[in-house]
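1. Quick one: sequence and predicted model below, then my questions.
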Amino acid sequence: MMFDWNEYKKQLSGRIGEIGKISPSITRGYSEISGASAQTGKLDDKTRELIALAVAVTRQCDGCIAVHTDAAIKYGATREEVAEALGVAIAINAGAALVFSARVMDAYDAIAKA
């Protein structure tokens, strides 16, 4: 194992709890935003967690990875489904790099002409 995810998740929860004690409106606001997507009922919990994992990879958020992996497992996501969701994240990141590479070439042309 590369990382003790269970211990990290526990430590993270403690630290976020500390933030909540200092500034409860911050954690309340986060909880409100976090729960809002579940209220529509258009996606099931497992699908939302698979999307969350793909976004977590894109945002490079270890805390998100720990929390949403746990939730994905609880909602029945298989290892193969998680891997497929991560494949989407990999493809989108590669696509984003390609799009921003086009922006660099555009900036180069514009700056070189000035």
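-> Sure, I can see it.
2. OK, contacts around residue 76?
-> Contact analysis of residue 76 by C-beta atoms under 8 Å, 6 or more residues apart in numbering lists residue 46. Yep, even glycine has a C-beta here, placed from its N, CA and C like the rest.
3. Please enumerate the strands of this protein.
-> Assigned strands in the chain: none (criterion: DSSP state E).
4. Identify the residue nearest the geometric centre of it.
-> When C-alpha atoms, centre = their mean is applied to the chain, the residue found nearest the centroid is residue 56 (2.0 Å).
5. tell me the contacts of that residue?
-> 64, 65, 68.
6. Out of these, who's the most crowded?
-> residue 68 (22 neighbours; other C-beta atoms under 10 Å).
7. So the closest residue to that residue other than its chain neighbours versus residue 58, what's the distance?
-> Using C-beta to C-beta, 6 or more residues apart in numbering and skipping residues adjacent in sequence, the residue nearest residue 68 is residue 52, 4.1 Å away. From residue 52 across to residue 58, the span is 11 Å (C-beta to C-beta, to the nearest Å).
8. Alright, that wraps it up for me.
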